[in-house]
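> here is my input, please return the structure:
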Amino acid sequence: MSEANPLIGGEAVKIDDTELDRIIGEEFESDKENLIMILQAIQRKFNYLPPPTLTYVSEKLGITLSQIYGVATFYSTFSLEPRGKNIISICLGTACHVRGGERVRERIEESLCIHDGETTEDRRFTLESVRCIGCCSLGPVVRINEDIHGRISSDAVGKILNQYD
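Numbering: from 1, shown residues only. Purely as a prediction, here's the structure:
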């Protein structure tokens, strides 16, 4: 196990080389063609892509670090910053916006003391605005992880957030 520098979020990120070797070698046979799936597996493990893991993948697969960063920054599903255990996606598309999506977002921000795109200090929640969740008839809609909460009012935000640890 190696400890990474620089410090991220005030904590040293501990990387288990054995676990990364398992992901890269056993799950994906150290095949460069599996880079996206390898990055997805790493993100599932850490809930983001710690920079030291990208360096390790670069060395193991023989892919330049700049190419790996190119992939990691191109796809919006990847995050290079620590994220919360619970990802809150607030829809601000047209249908949700006209039904009060902005007020719901504001209430979430007030309740968690964060702004759009930020993560709570305890890494319990990350808030992200999206343009469409695909549930327009249920607007305003909030997705927390895989759970859809539709037709919510700003008054219901606290009750919904309390369902998640």
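> spit out the contact partners of the residue nearest to Arg123 when sequence neighbours are not counted.
Spatial nearest neighbour of Arg123, chain neighbours left out: Gly84 (5.2 Å); criterion: CB to CB, 6 or more residues apart in numbering. In short, each C-beta sits where N, CA and C put it, glycine included. With contacts defined as CB atoms under 8 Å, 6 or more residues apart in numbering, the neighbours of Gly84 are Asn47, Thr119, Thr120, Arg123, Arg124, Phe125, Thr126.
> hmm, which of the residues you listed is lowest in pLDDT?
Minimum pLDDT across those is recorded for Asn47, with 89.
> was I right about that residue contacting Glu81?
No: if you go by CB atoms under 8 Å, Asn47 and Glu81 don't touch, sitting 10.2 Å apart.
> and those two? Which one has more around it.
Asn47 (17 against 13; other CB atoms under 10 Å).
> name the nearest residue to that one, ignoring sequence neighbours.
Arg83 (5.0 Å).
> look up how far Asp21 lies from that neighbour.
As judged by CB to CB, to the nearest Å, Arg83 and Asp21 stand 24 Å apart.
> helices of this structure, start to end?
Listed in chain order, the helices found in the chain under DSSP state H are 17-21, 35-46, 51-61, 65-74, 94-98, 101-112, 157-161.
> the fifth one: which residues count as buried?
If I follow you right, that is helix 94-98. Ala95, Cys96 (16 or more other CB atoms under 10 Å).
> any chance you could list what contacts that helix?
Ile90, Ile133, Cys136, Ser137, Gly139, Pro140, Val141.
> done for today, thanks.
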